[in-house]
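Peer 1: Fold the stuff below for me.
(one chain, ligands or ions: 1)
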Amino acid sequence: MARLVVHGGNPLHGSLEANGAKNAALPIMAACLLAKGKVSLRRVPNISDVWTLTGILKAMGCKVEYDGNSLMEIDSSTLTTTKAPDHLVRKMNASFDIMGPLLAAYGEGEVSLPGGCNLGARPVDMHIAGFRKLGAEVVSKSGFVQAKATKLKGARILFPKVSVGATKNCLMAATVADGETILENCAREPEIVDLANFLIAMGAKIEGVGRQKMTITGVPQLHPVDYNVVADRIEVGTYLIAGAITEGDVTITGCVPEHVTSLLDLMREMNQEITVGEDFIRVQGRRPITPIAVSTEPYPGFPTDLQPQLVALATLGTGTTTVTENIFNGRFMYAMELVRLGGDVRVSHRDVVIRGVKQLEGAPVDAPDIRAGGALVCAALAANGESTISGVNFIDRGYQEIEKRLSQLGGKISRTDFED
Ligand code: UD1
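Peer 2: As a prediction, the model looks like this:
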């Protein structure tokens, strides 16, 4: 079992180039099923969720080649089955992204109910309701979802709640449906916009990209393209917080600062020095870290995926910070781990109350999910002495070579194999 070993107390300095976004690359890989030809994707992050989806696509007969750094080529014209392999689908929630493209391009799909991080319930009822509106027959039983449609037909779909997953799946399905589809109360995350831009590059007709209402006019077929995935705003945010919590000076290049506006506003409110250019962000960590009150919201609100990392920063603040988690009900499993590091962090239902302490102390901790892992790494980098972080398999799902990236900034962090 791998663990990260961190010797904290060392300010991070330097610059890093942002990687491509996990949450854009995964649905874009799934959307390649709509092209039935060889698509080239660039800036695909080398993370284990990408390997998992690669495994799913290959098991279904697609040809997938990846240079392990950026370029991935996916040819779905060789697809042999519309049934996704259960053991791989269970590994991550995003695997359900393949259902919309399968249904739209092949008229059927069978995907088991998705797994993923332990953040609380991850229902797919709104995805299924959307597919049914588009004319599909959908059966969900024994942990599997089977969907069929001779030809999807455009429809009006009003999502009762903002959902990134349901918006992605219905958007992809509607691109080759007959006639016009209107999606209302859509998620507007930059990764949805990137997916929509990718679909448009492949020939889809979509209006209202990035707005709550999108109108899709179905086209008979999408064509292969060469596409560059957007920068990962969550990775960017995590490394900015690592810079701030260590009182360092860190610049992230090749990113879209507008995508992290909510985080930058909060970090400024927490007395951190932030400089923004067209495609870079610099943070200069300062003390005191002043307290704030914040809630997670769908984009452009403060993202649930940066909530644990911001809580880590607040542990070294002055006064009391409160954070309310509105997206997932199980997203505070890391709080006890921050307590092990000396943080004063208390959870009550959807709220977490953080009373700032002067210093964190190194300890053995366990990452319960991807972003919690990011938060524990940030806290360990600021803590006195040595921390070991297990649950690295979660961290590897969303952060490419985290120890190498942070070492480039002067962080004392390495990966070691331990016998358990
Ligand atoms: C969510 C986040 C996304 C983040 C990802 C991984 C939001 C709006 N979405 O996306 O930014 O990157 O987690 O951490 O912040 N829901 C239903 N029925 C459904 C689908 C969803 O009730 O069919 C509920 C979920 O339980 C959740 C909310 O809607 O409370 C938002 O879910 P959704 O956006 O779909 O989740 P993800 O796509 O995983």
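
Peer 1: Mind jotting down where the strands sit in the stretch 101-250 of the chain?
Peer 2: 108-112, 137-141, 144-148, 156-158, 180-184, 205-207, 214-217, 226-228, 249-253 (DSSP state E, counting those that start in this stretch).

Peer 1: now the first one: how far from the chain's centre is it?
Peer 2: From the chain centre to the centre of strand 108-112 is a distance of 23 Å (C-alpha atoms, centre = their mean, to the nearest Å).

Peer 1: repeat for the fourth one
Peer 2: Using C-alpha atoms, centre = their mean, we find the averaged C-alpha position of strand 156-158 to lie 25 Å away from the chain's own average C-alpha position.

Peer 1: Any buried residues in it, and which?
Peer 2: The neighbour-count criterion (16 or more other C-beta atoms under 10 Å) identifies Ile157 as the buried residues of strand 156-158. Quick note: C-beta positions are derived from backbone N, CA and C, even for glycine.

Peer 1: Adding mean pLDDT and distance to the ligand, write the strands of the stretch 101-250 of the chain out as JSON lines.
Peer 2: Compiled in JSON lines, these are given as follows (pLDDT from 0 to 100; distance: least, C-beta to the nearest ligand atom, whole Å):
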{"stretch": "strand 108-112", "mean pLDDT": "94", "distance to the ligand": "14"}
{"stretch": "strand 137-141", "mean pLDDT": "92", "distance to the ligand": "11"}
{"stretch": "strand 144-148", "mean pLDDT": "94", "distance to the ligand": "11"}
{"stretch": "strand 156-158", "mean pLDDT": "98", "distance to the ligand": "12"}
{"stretch": "strand 180-184", "mean pLDDT": "98", "distance to the ligand": "14"}
{"stretch": "strand 205-207", "mean pLDDT": "98", "distance to the ligand": "19"}
{"stretch": "strand 214-217", "mean pLDDT": "98", "distance to the ligand": "15"}
{"stretch": "strand 226-228", "mean pLDDT": "98", "distance to the ligand": "20"}
{"stretch": "strand 249-253", "mean pLDDT": "98", "distance to the ligand": "19"}
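
Peer 1: could I get those as CSV with distance to Pro288?
Peer 2: Compiled in CSV, the strands of the stretch 101-250 of the chain are given as follows (distance: least, C-beta to C-beta, whole Å):
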stretch, distance to Pro288
strand 108-112, 49
strand 137-141, 51
strand 144-148, 50
strand 156-158, 46
strand 180-184, 44
strand 205-207, 46
strand 214-217, 44
strand 226-228, 40
strand 249-253, 18
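
Peer 1: so how many other residues sit close to the residue in the stretch 1-150 of the chain that the ligand sits nearest to?
Peer 2: Of all residues in the stretch 1-150 of the chain, the one sitting closest to the ligand is Met126 (3.3 Å; C-beta to the nearest ligand atom). Met126 is flanked by 20 other residues according to other C-beta atoms under 10 Å.

Peer 1: got a list of what it touches?
Peer 2: Taking C-beta atoms under 8 Å, 6 or more residues apart in numbering, we find Met126 in contact with 159-161, 163, 165-166.

Peer 1: Can you tell me the element Glu73 falls in?
Peer 2: Secondary-structure assignment from DSSP states H and E places Glu73 in strand 72-75.
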